[in-house]
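In: got a predicted structure plus its sequence, pasted below:
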Amino acid sequence: MQVETDLGQLMRLFEAVLASVGDPLLIFDSTWTLLQANNAARALFAIETDQAPLEDVLGDSALARALRDHAVPKEWHHGEEGYYLPRLTMFTDEAEQASRYVVVLRDVTAIKRLNQNQNEFVHIVSHDLRSPLTTIKGYTGMLGMDSALTSKQKEYTDKVMSGIHQLTSLVDNIQDAGRFDIETGFYVMQREQCDVTEIVARVVGGCVVPAEKQDLKLSVDVAPDVPIINADINMIERALTNLVDNAIKYTPNGGTIIVSVRRGHERLELRVSDNGLGIAPEDQKKLFQRHSRINREEYRRVKGTGLGLFIVRSVAQRHGGDAWVESTIGVGSTFAFYIPLQGANLIFGSGLSDTN
């Protein structure tokens, strides 16, 4: 009697726990016949009776096949706006010598909607900011065309232009972070024949003036065997621009910056090295996260959103690669990302066209 009482209490406890789970949860036997489902699962799949086969319960043959094959998809879309993260756990009942399958569908619909709304908001705001910024920049650049500016007026216009450049860079990074994000970004890649050597020359050429203002030596080192790849030119250029901009901002006056490109084992590596202050190991781990900045006295003078390196990693990951940093305190840092020389990054799906 005591055993039966204990089993009854455990069953009631189990049913209470099952009912309290907000995400859909289903339990199947070894033949994938439904044993139990919580209220959320019954509502989602309109389950009226147990002992139904997997395919009848889910009403989605693709997800059912994936579960049977133990190849659970990263995300499952249900209906018009339902998004779920499927999880499959198998356990064995030693007493009955049978397997049980527990399927949990984590509901991320609200998170998806929030991300979509945020991306739409960022897109609208950044787009609407571009027009007045372009107008201000244009008219500010015309000051002094009719009559020479005094030294004080020139100082003021230079500060206005500097502010405009900062705002433009801010808008670009906010927009790129939303568009390029590997998980939530809405940007559609535009692959074409991409000459990385030309991109490096263009980016470095646009950074010569700010580098010279800080007495920085900016040089390029591109290997002769760098191939033409099938990639998104805009994304590659934005990633490299962020790395060079960061190096200029954080390298003390009189320093050296080297932009290099190397062809490694089935991958193309783009590196930006400096002989600046260096970064501690504990800070390196979080650098590529969104809005991450180093809390260090020497860096507080530099304005930024902490999105530049997040964009670099997003660009690399969109091409199947990744980004990383190598740094030593007091010696300098090297920020880099790589593009795999395989798959979609190859021209016409096979082979590489070399520049030499």
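Out: Nice, I can see it. Numbering: from 1, shown residues only.
In: flag the shaky bits of this structure, pLDDT-wise.
Out: For the chain, residues meeting the criterion pLDDT under 70 lie at 1-11, 14-15, 93-97, 295-304, 347-356.
In: and the longest helix along it, what does it pack against?
Out: In the chain, ranked by residue count with DSSP state H as the criterion, the top helix is helix 109-142. In this structure, helix 109-142 packs against strand 82-93, helix 151-180, with contacts taken as 3 or more CB pairs under 8 Å, 6 or more residues apart in numbering; DSSP states H and E. Where you see a C-beta, it was placed from the backbone N, CA and C, and this is true even at glycine.
In: just want the angle from the shortest one to helix 109-142.
Out: Inter-element angle recorded for strand 82-93 and helix 109-142: 140 degrees (by axes from the mean of the first three to the mean of the last three CA atoms, to 10 degrees).
In: contacts for strand 82-93?
Out: Identification of contacts with strand 82-93 by CB atoms under 8 Å, 6 or more residues apart in numbering yields 23-24, 44, 63, 66-67, 70, 72-78, 98-109, 111-112.
In: show the subsequent helix or strand relative to it.
Out: Sequence-wise, the next helix or strand downstream of strand 82-93 (DSSP states H and E) is strand 98-107.
In: now that following strand - C-alpha only, PDB.
Out: Provided in PDB are the C-alpha atoms of strand 98-107 (Å, rounded to 0.1, in the frame of the first residue of the first chain):
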ATOM      1  CA  ALA A  98      12.100   0.500 -23.300                       C
ATOM      2  CA  SER A  99      13.000   4.000 -24.600                       C
ATOM      3  CA  ARG A 100      11.000   7.200 -24.100                       C
ATOM      4  CA  TYR A 101      11.400  10.400 -26.200                       C
ATOM      5  CA  VAL A 102      10.800  13.800 -24.700                       C
ATOM      6  CA  VAL A 103      10.200  16.700 -27.200                       C
ATOM      7  CA  VAL A 104      10.200  20.300 -25.900                       C
ATOM      8  CA  LEU A 105       9.400  23.100 -28.300                       C
ATOM      9  CA  ARG A 106      10.800  26.300 -26.800                       C
ATOM     10  CA  ASP A 107       8.500  29.200 -27.800                       C
END
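In: which strands or helices does it pack on?
Out: By 3+ CB pairs under 8 Å, 6+ apart, strand 98-107 packs against strand 25-29, helix 39-45, strand 82-93.
In: quick check: angle from that strand to strand 82-93?
Out: Relative orientation of strand 98-107 and strand 82-93, computed by the same axes, to 10 degrees: 160 degrees.
In: mind checking what secondary structure residue 202 has?
Out: Judged by DSSP: H, G, I helix; E, B strand; the rest coil, the three-state class of residue 202 is helix.
In: nearest spatial neighbour of it, skipping sequence neighbours?
Out: Among residues not flanking residue 202 along the chain, residue 237 sits closest, at 7.0 Å (CB to CB, 6 or more residues apart in numbering).
In: kindly export the helix or strand containing that neighbour (C-alpha atoms) in CSV.
Out: Element membership for residue 237 (DSSP H and E) is helix 233-250. Extracted in CSV, the C-alpha atoms of helix 233-250 (Å, rounded to 0.1, in the frame of the first residue of the first chain):
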residue,chain,number,x,y,z
ILE,A,233,32.1,43.0,-51.7
ASN,A,234,30.1,45.5,-49.6
MET,A,235,30.3,43.2,-46.6
ILE,A,236,34.1,42.5,-46.9
GLU,A,237,34.8,46.2,-47.4
ARG,A,238,32.7,47.2,-44.3
ALA,A,239,34.5,44.6,-42.2
LEU,A,240,37.9,45.7,-43.2
THR,A,241,37.0,49.3,-42.8
ASN,A,242,36.0,48.7,-39.3
LEU,A,243,39.3,47.0,-38.5
VAL,A,244,41.4,49.7,-40.0
ASP,A,245,39.3,52.5,-38.3
ASN,A,246,39.7,50.8,-34.9
ALA,A,247,43.4,50.5,-35.4
ILE,A,248,43.7,54.2,-36.2
LYS,A,249,41.6,55.2,-33.2
TYR,A,250,43.3,53.0,-30.7
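In: which residues outside the helix or strand following that helix are in contact with it?
Out: Downstream of helix 233-250, the next assigned helix or strand under DSSP H and E is strand 256-264. Contact with strand 256-264 is made by 196-197, 200, 203-204, 211, 216-223, 225-227, 240, 244, 247-248, 251, 268-275, 338, 341, as judged by CB under 8 Å, 6+ apart.
In: from those residues, list just the buried residues.
Out: Listed as buried from the contacts of strand 256-264 are 196-197, 200, 203-204, 211, 216, 218, 222, 226-227, 240, 244, 247-248, 251, 268-275, 338, 341; burial here means 16 or more other CB atoms under 10 Å.
In: most tightly packed of the helices and strands packed on strand 98-107?
Out: Highest mean neighbour count of those: strand 25-29, a mean of 21 (counted as mean count of other CB atoms under 10 Å).
In: that one packs against which elements?
Out: Short answer (3+ CB pairs under 8 Å, 6+ apart): strand 25-29 packs on strand 34-37, helix 39-45, strand 98-107.
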